[in-house]
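Engineer: Structure for the following, please:
(one chain, ligands or ions: 1)
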Amino acid sequence: MSCFEIISNDSFARTGLLNTAHGKVMTPFFMPVATKGAVKNINNFQLQELGFDCIISNAFISYLKPGLSVIDNAGGLHKFMSWDKSLFTDSGGFQLILDQFIHNISNKGVTFKNPFDKSIELVSPEKAVLIQNSLGSDVAMCLDHQPLFGKSRTDYLDSAIRTIEWAKRCKEAHYSNENKINKNQLLFSIAQGGIHKDIRQKCALALHKIGFDAVALGGFGIGEAQKDMYSIIRSVKKVLPENNFTYIMGIGSPLELINAVSNGADCFDSNYPMRMARHGKIFTSNGSIDIGKTKFKSDFNPLDNNCNCFVCKNYSRSYLHHLFKTYEQNAHIFLTYHNLFFISGLFKNIRISINENNFNNFKKNFVLNYGGKK
Ligand SMILES: [Zn+2]
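Structural biologist: From the prediction side, this is the model:
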């Protein structure tokens, strides 16, 4: 049985339900990233209050610290984090391409330098899956090979071929007897291929034929043009069944999100809203503002006149500008809350408008008011 059921279509946009062991999640949805087991500057109870029914944590980071035995003793990652809703884990493929970790990539897997004890270790596709099995997340992601942006076509082709081979091994490990812990865990693969349509399509189709609960798209949000991303989403969807749950990894700006939804995307994850908040970049219904700018020093309006979050109800731009400029930690807490309230509200409205067959109108007005800025 498919883990994903489509409820309503409006042009290419659609609403649906993702079924996980910890509940159903209405799509399209956005997952805040809890890299180290927490979303920065906001707690899990606030996330639930904001309407986030699903978050994503990083398996590789959890494996390094605090380590699998601590999380196992806690009763799994859900209990350790005190999160009883749906939870994805990323295999770590994205982290492993970062210079601070990477040592070598071969067909065997990724060899990395442990930043804590400087030891050299191999993460094989099998190991990436077994780590996630042990953590007990609802959705595990295959180890993929993601080249950095701007590499040659040959590099993208090689990485797509390697990603397919690794995905086969991930699936074998996932269904092996070694995985006794979480038989309800879904396994998604990740199509690579950069902005090369033919490579992306071949990779996605090969992964689909191997058989996964969904084929996601990785390798975005690292420098490609937005229009190329949307065109890749559309071309990959052409070769996959309509009910393939379309998870676009690594994007999180309001305009990218709404445009990706209009091209048929169902799910996203990114640290963008939280990272922007820490840099004072605030989403508002009239576009983003930079709260650190001097012009807000004596501006006693809320961040966004159209926002009902507790920050906008209680604090002025002037006060938040002051907290931000004086490095007061509450600035990050308040600004993160507002940005996530904005994203959560955006998705609620997106889902309503699709169900009412009014998505294109909603999107047109949103984009018009938000302006061309990210
Ligand atoms: Zn607000």
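Engineer: Quick check: nearest residue in space to I258, chain neighbours excluded?
Structural biologist: Distances taken as Cβ to Cβ, 6 or more residues apart in numbering put K363 closest to I258, at 5.5 Å, once the chain neighbours are dropped. Where you see a C-beta, it was placed from the backbone N, CA and C, and this is true even at glycine.
Engineer: where exactly do the helices run in the stretch 101-250 of the chain?
Structural biologist: Assigned by DSSP state H, counting those that start in this stretch, the stretch 101-250 of the chain shows helices spanning 125-135, 153-174, 197-210, 226-239.
Engineer: which residues touch the shortest one?
Structural biologist: Surrounding helix 125-135, the residues in contact under the criterion Cβ atoms under 8 Å, 6 or more residues apart in numbering are 57, 59-60, 62-63, 68, 71-72, 76-77, 89, 91-93, 109, 140-143, 166-167, 169-170, 172-174, 178-179, 181-182, 185, 187.
Engineer: Looking at that helix now, give me its mean pLDDT.
Structural biologist: Averaged across helix 125-135, pLDDT comes to 95.
Engineer: Can you pull the residues of the chain lying near the ion?
Structural biologist: C307, C309, V311, C312, H338 (Cβ under 5 Å from the ion).
Engineer: Turn those residues into a markdown table, including neighbour count.
Structural biologist: Output for those, formatted as a markdown table (neighbours: other Cβ atoms under 10 Å):
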| residue | neighbour count |
| --- | --- |
| C307 | 19 |
| C309 | 21 |
| V311 | 22 |
| C312 | 23 |
| H338 | 26 |
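Engineer: What subset of the contacts of helix 125-135 is buried?
Structural biologist: By neighbour count, with 16 or more other Cβ atoms under 10 Å, those hold 57, 59-60, 62-63, 68, 71, 76-77, 89, 91-93, 109, 140-143, 166-167, 169-170, 173-174, 179, 182, 185, 187 as buried.
Engineer: and the residues you listed, which of them are in strands?
Structural biologist: In strands, defined here by DSSP state E, the members of those are S57, T89, G109, A140, M141, L187.
Engineer: Near whichever residue of the stretch 51-200 of the chain sits closest to the ion, how many other residues are there?
Structural biologist: Residue of the stretch 51-200 of the chain nearest the ion, by Cβ to the ion: G51 (14.1 Å). For G51, the neighbour count with other Cβ atoms under 10 Å is 15.
Engineer: now it, what's its secondary structure?
Structural biologist: coil (DSSP: H, G, I helix; E, B strand; the rest coil).
Engineer: For it, report the pLDDT, please.
Structural biologist: 97.
Engineer: tell me which element the residue lying closest to it once chain neighbours are set aside falls in.
Structural biologist: Nearest residue to G51, sequence neighbours excluded (Cβ to Cβ, 6+ apart): S344, at 4.7 Å. Using DSSP states H and E, S344 maps to helix 329-355.
Engineer: Could you list the domains of the chain?
Structural biologist: 4-270, 278-370 (automatic domain parsing).
Engineer: Worst mean pLDDT among those domains?
Structural biologist: Among the domains of the chain, domain 4-270 scores lowest, at a mean of 92.
Engineer: That one: how far from the chain's middle?
Structural biologist: 7 Å (Cα atoms, centre = their mean, to the nearest Å).
Engineer: end to end, how far does that domain reach?
Structural biologist: Domain 4-270 has an end-to-end distance of 21 Å (Cα to Cα, to the nearest Å).
Engineer: For the remainder of this discussion, apply numbering that starts at 27.
Structural biologist: Yep, numbering from 27; the last one is domain 30-296 now.
Engineer: how near is Y298 to N130?
Structural biologist: Relative to N130, Y298 is positioned 30 Å away (criterion: Cβ to Cβ, to the nearest Å).
Engineer: more neighbours, these two?
Structural biologist: Taking neighbours as other Cβ under 10 Å, Y298 and N130 compare with Y298 leading, 25 against 12.
Engineer: ok, back up a step: now the residue nearest to I284: which helix or strand?
Structural biologist: Using DSSP H and E, K389 sits within helix 385-396.
Engineer: between that helix and helix 355-381, how big is the angle?
Structural biologist: Angular relation of helix 385-396 and helix 355-381 on a 0 to 180 degree scale: 150 degrees, by axes from the mean of the first three to the mean of the last three Cα atoms, to 10 degrees.
Engineer: What helices and strands are in contact with helix 385-396?
Structural biologist: Packing partners of helix 385-396 (3 or more Cβ pairs under 8 Å, 6 or more residues apart in numbering; DSSP states H and E): helix 280-288, helix 355-381.
Engineer: Nearest residue to the residue nearest the centre of the chain in space, please, no chain neighbours.
Structural biologist: Taking Cα atoms, centre = their mean, the centroid of the chain lies closest to D295, which sits 1.3 Å from it. In space, and not counting its chain neighbours, D295 is closest to M57: 4.1 Å by Cβ to Cβ, 6+ apart.
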